[in-house]
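Asker: Quick one, fold the following:
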Amino acid sequence: MVIMYTTTHKINEFVLTIIYFFIAEERKKCQKNYKRLSKLALGLLRDLCTKTIEFVKNTLTSESFINTHRKSPADFTRKRSLPFYTTVVFLMNQLRSSLQNEMDIFFKQLNKTDIPERKVTASALCQARQKLKHQAFIELNHSVSQHFYQHYSYKTWHGFRLLAFDGSTVRVPRSDDCWEYFGKSVPLSWDTSPLARISQCFDVLNHITLDARIESLSVGERELALAHCDSIGTGDLVLLDRGYPAFWLFSLILKKHAHICARVSAIKWPLQNNFSLPDSENRLLNFPQVFIHKNHVRNRSFLPHQ
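Answerer: Next comes the predicted model:
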C-alpha cells in the first residue's frame, strides 16, 4: 500500500507539473498577444487622433473659416505672433493660472523650448480676441462633432444615440456689457454678478456636447431646447427632465424623426397615472389630440408660414 501510494503521488505530481508547464507557456503566449494587441490599439488610436488633429488644423487655417469669423477683413492679415488659429487654440485651453503665465507655458510647448518664454503679452491677446467672433467656436464644435460620428464607431443604447437636454444657470463677469445682455437677477445686492442661463445637448454615452447655448435668464429652457433640435435626427433618443415636457416640443422632436424619453409631472400630466396600475409595467398610452395655436408653434420654426 505504501508503494502504491508513493507511485500514485508521484504520478499526480508529474501530471500537475505538465499542466503547470502548459499553463505557463499559454500565459507567455497570451502576454505576447496582449502586448501585440496593445501596440496595435495604440497605433490605431494614434492614427485616429492624428486625423482629428489634422481636421481641426485644416479647419482653423482655411481661408473661408477665417474670413467668416473675423470681425473685419483687415484682421489677422499680417504675420504676427498671434495669428487666427493660434488665438483660437489658446482660448480653447482650460486656463488655471494667470493669463500671462498660461501664455508663457503655451508658447513654450508651441516652440518646444526648455523654459517658458514671453513671446506675447496678455494685452496683445486681449486685442486679438476682440477681432474674433464667438461663432467660430460654435461652428468648430459642430464640425468636430460631425467628424467624430462620421469617422469613429460610437456607443449606442439598443441602437439609439442617447442625447440629453439639460440646462442650468451660471454667473458671468461683472461688466456693463454683461449687465446689458444678460440682465439683472432679483434680489440684487452689491456683490451680485449677472446670471446667465446655459443649456446643452449632450451625448451621454460618448461624452460629446453637440450643441451649447448661453442666453439671458429671461430665455426659458424650452426655448433653448428648441435650438438643440437642430442637432437631432433619425436614430436619436432625446432624454428630457421634468421641466421640459410640452406638446409643441414633443411634436418638434418627432418631426425630426427622433424618439423621446421624458420625465413628466403627475400633476400636469394626469394621464400618466395609469402607469400606477398593478398590471402597468408595460403599457401603451395614447395622449388625446390637443389644440396648439399655429402662431405659438410657428414662432418655434415648426410650421411653415401660410
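
Asker: quick one: Gly243 and Ala225 touch, right?
Answerer: No - counting by Cβ atoms under 8 Å, Gly243 does not reach Ala225; the two are 9.7 Å apart. Backbone N, C-alpha and C define where each C-beta goes, glycine included.

Asker: In the stretch 1-150 of the chain, what residue spans correspond to helices?
Answerer: Under the criterion DSSP state H, counting those that start in this stretch, the stretch 1-150 of the chain contains helices at 2-61, 63-69, 84-91, 99-111, 122-130, 135-151.

Asker: Can you pull out the residues in contact with the top strand by length along the chain?
Answerer: Identified as the longest strand of the chain according to DSSP state E is strand 161-171. Applying Cβ atoms under 8 Å, 6 or more residues apart in numbering, the contact partners of strand 161-171 are 154, 156, 193-205, 210, 214, 217, 221, 224-225, 228, 231-232, 235-241, 244, 258.

Asker: Just the buried positions in it, please.
Answerer: For strand 161-171, burial by neighbour count (16 or more other Cβ atoms under 10 Å) applies to Arg161, Leu162, Leu163, Ala164, Phe165, Asp166, Gly167.

Asker: Dump these to JSON lines, plus distance to Thr121.
Answerer: Formatted as JSON lines, those follow (distance: Cβ to Cβ, whole Å):
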{"residue": "Arg161", "distance to Thr121": "45"}
{"residue": "Leu162", "distance to Thr121": "45"}
{"residue": "Leu163", "distance to Thr121": "42"}
{"residue": "Ala164", "distance to Thr121": "41"}
{"residue": "Phe165", "distance to Thr121": "41"}
{"residue": "Asp166", "distance to Thr121": "39"}
{"residue": "Gly167", "distance to Thr121": "37"}
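
Asker: What is the nearest of those to Asn141?
Answerer: Leu163 (14.8 Å; Cβ to Cβ).

Asker: Look up how far Lys71 lies from the closest one.
Answerer: Taking Cβ to Cβ, to the nearest Å as the measure, Leu163 falls 33 Å from Lys71.

Asker: ditto for Leu252
Answerer: From Leu252 to Lys71 the distance is 34 Å (Cβ to Cβ).

Asker: Which one's more surrounded, those two?
Answerer: The neighbour comparison of Leu252 against Lys71 (other Cβ atoms under 10 Å) goes to Leu252, with 20 against 11.

Asker: so the more buried one makes contact with Cys229?
Answerer: Yes - counting by Cβ under 8 Å, Leu252 touches Cys229, with 5.6 Å between them.

Asker: Thank you kindly, that will do.
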